[in-house]
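Novice: Attaching a predicted model along with its sequence, questions to come.
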There are 2 protein chains.
Amino acid sequence: MMRKRIAIDMDETICDTMARHLDWYNQEFGQRLTKQDLMGTKIYHRVPAEHEARVRSYPDNPDFFVDLAPLPDAICTIQQLSQRFDIYIATAAMEHPTSFTAKYEWLVKHLPFLSPMNFIFCGNKGIVNADYLIDDSSRHFQFFSGQGVLFTAPHNVNEAADVRVNNWLEVGAMFLDNSIE
Amino acid sequence: MMRKRIAIDMDETICDTMARHLDWYNQEFGQRLTKQDLMGTKIYHRVPAEHEARVRSYPDNPDFFVDLAPLPDAICTIQQLSQRFDIYIATAAMEHPTSFTAKYEWLVKHLPFLSPMNFIFCGNKGIVNADYLIDDSSRHFQFFSGQGVLFTAPHNVNEAADVRVNNWLEVGAMFLDNSIE
């Protein structure tokens, strides 16, 4: 039997990209914003209007994506999932073309048990042919042919979702309880 | 009605990568190999064994992918196709991670009518969810869910193919004669 395929987003799903965003913003502007301040919104909308362009530009710096911390239990759960499913990493890297190398190196370092042949740098994730897509951005589910699984992030806490997981332990519980194969 | 999706490979399908490979080899080793010499084989197998490792390493140099010539009629045909189909560019960039930037810049320069959101840097193209995949490497068709269209290149001339196109004018004839929509 073909193994089912799970595609997994990087930023704010595997990687704690928001911690980096907050850190750079707080350092540059002497602020103390936290993830709690971003519930139901995005950092761009939460900062004073005169900071917005600067904050939006951080991901254009290649260093932004270097050495991001993995979210809790992400790596261990993905390794477990990889024993039963074909795992693909699907990241919208085309939005920040300067990020390619840092993203690739991050994946090779933190997910050495996956083949780089299973990494996908794309834009529109509707093109990904998988059974599941775990992602914090629900916009990717609209044209995705499989089941979207919304990974909770501050910006999406108020969104309705067909299927939502709040953390990687919940991902493990969803996929590793033997009901899905 | 949803437009059909055509995914298109880059190297030896849109770009004349083999001309670059021959050029670098001939320059370094003072040879005069031509595409005609590569019919039914790959350049790695056609050169003396002591040159093979060096020839295989050329694509690891980021400059290898810079300013490749487009194959005849490729750009014009893809522009025409883009009016009736959703076009995605799917390149196995993970095989040469140093190529990301050169490939991205090539696509933005030569196919400015496509959104970068439609570029896919991947490894295994079975993950691409499209109706057609035009590619010179038939190995990608094995796990591809749509119809593979083998684009003739020297190395594949002796392969059997469900659907083969010999050049971009044949691609245009196949997709633009109104029988496929």
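Specialist: Thanks, I have it.

Novice: Could you tell me which residues of chain A lie near chain B?
Specialist: A:5, A:7, A:88, A:92-95, A:97, A:100-101, A:104, A:115-124, A:126-130, A:145 (Cβ under 8 Å from any Cβ of the partner chain). Backbone N, C-alpha and C define where each C-beta goes, glycine included.

Novice: what do you get if the cut-off is 6 Å, keeping everything else the same?
Specialist: Listed as neighbours of chain B in chain A under the rule Cβ under 6 Å from any Cβ of the partner chain: A:88, A:94, A:97, A:100, A:104, A:116-117, A:119-124, A:127, A:129, A:145.

Novice: what about burial for those, which qualify?
Specialist: Buried residues within those, counting neighbours by 16 or more other Cβ atoms under 10 Å in any protein chain shown: A:88, A:94, A:97, A:100, A:104, A:116-117, A:119-124, A:127, A:129.

Novice: Can you tell me which of these comes closest to A:E50?
Specialist: Distance to A:E50 across those (Cβ to Cβ) is lowest for A:P97, with 26.8 Å.

Novice: That closest one and B:Y104 touch, don't they?
Specialist: Yes. Using Cβ atoms under 6 Å, A:P97 is in contact with B:Y104, at 5.0 Å.

Novice: Which residue ranges make up the domains of chain A?
Specialist: Listed domain ranges for chain A are A:5-16+A:67-175, A:17-65 (source: automatic domain parsing).

Novice: Single out the most deeply packed of those domains.
Specialist: Mean neighbours per residue, mean count of other Cβ atoms under 10 Å in any protein chain shown, is largest over the domains of chain A for domain A:5-16+A:67-175, with a mean of 19.

Novice: distance between the ends of it?
Specialist: 11 Å (Cα to Cα, to the nearest Å).

Novice: for stretch A:54-72, same thing?
Specialist: Start-to-end span of stretch A:54-72 (Cα to Cα) is 29 Å.

Novice: need the contact list for the residue lying closest to A:M117 once chain neighbours are set aside.
Specialist: In space, A:M117 comes closest to B:G123 once its chain neighbours are excluded; the distance is 2.8 Å by Cβ to Cβ, 6 or more residues apart in numbering or on different chains. Residues near B:G123 by Cβ atoms under 6 Å, 6 or more residues apart in numbering or on different chains: A:116-117, B:92, B:94.

Novice: Using a markdown table, lay out those residues together with distance to A:C15 and secondary structure.
Specialist: Output for the contacts of B:G123, formatted as a markdown table (distance: Cβ to Cβ, whole Å; DSSP: H, G, I helix; E, B strand; the rest coil):
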| residue | distance to A:C15 | secondary structure |
| --- | --- | --- |
| A:P116 | 17 | helix |
| A:M117 | 20 | helix |
| B:A92 | 24 | coil |
| B:M94 | 18 | helix |
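
Novice: circling back to that earlier point, among the residues of chain A next to chain B, which ones are in helices?
Specialist: A:100, A:104 (DSSP state H).

Novice: send the alpha carbons of the longest helix anywhere in chain A over as PDB?
Specialist: The helix that spans the most residues within chain A, counting by DSSP H, is helix A:17-29. Taking Å, rounded to 0.1, in the frame of the first residue of the first chain, the C-alpha atoms of helix A:17-29 are listed here in PDB:
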ATOM      1  CA  THR A  17       9.800  32.300  13.200                       C
ATOM      2  CA  MET A  18       7.700  34.600  15.300                       C
ATOM      3  CA  ALA A  19      10.100  34.500  18.100                       C
ATOM      4  CA  ARG A  20      12.800  35.800  15.700                       C
ATOM      5  CA  HIS A  21      10.400  38.500  14.400                       C
ATOM      6  CA  LEU A  22       9.600  39.700  17.900                       C
ATOM      7  CA  ASP A  23      13.200  39.600  18.900                       C
ATOM      8  CA  TRP A  24      14.500  41.700  16.000                       C
ATOM      9  CA  TYR A  25      11.600  44.200  16.400                       C
ATOM     10  CA  ASN A  26      12.100  44.500  20.200                       C
ATOM     11  CA  GLN A  27      15.800  44.900  19.800                       C
ATOM     12  CA  GLU A  28      15.600  47.600  17.100                       C
ATOM     13  CA  PHE A  29      12.800  49.600  18.600                       C
END
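
Novice: Residues in contact with whichever helix or strand comes after it: which ones?
Specialist: Downstream of helix A:17-29, the first helix or strand assigned by DSSP states H and E is helix A:43-46. Contacts to helix A:43-46, defined as Cβ under 6 Å, 6+ apart, come from residues A:21, A:38, A:52, A:55-56.

Novice: In CSV, list the domains of chain A along with distance to B:K42.
Specialist: Converted to CSV, the domains of chain A look like this (distance: least, Cβ to Cβ, whole Å):
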stretch, distance to B:K42
domain A:5-16+A:67-175, 19
domain A:17-65, 34
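
Novice: Could you dump these into a markdown table with mean pLDDT added?
Specialist: A markdown table is the format used below for these (pLDDT from 0 to 100):
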| stretch | mean pLDDT |
| --- | --- |
| domain A:5-16+A:67-175 | 97 |
| domain A:17-65 | 96 |
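
Novice: who wins for proximity to B:L150 among the ones you listed?
Specialist: Checking the domains of chain A against B:L150 by Cβ to Cβ gives domain A:5-16+A:67-175 as the closest, at 19.9 Å.

Novice: Centre of the chain to the closest one, how far?
Specialist: Offset of domain A:5-16+A:67-175 from its chain centre (Cα atoms, centre = their mean, to the nearest Å): 5 Å.

Novice: try stretch A:33-40
Specialist: Worked out by Cα atoms, centre = their mean, stretch A:33-40 lies 17 Å from the chain centre.
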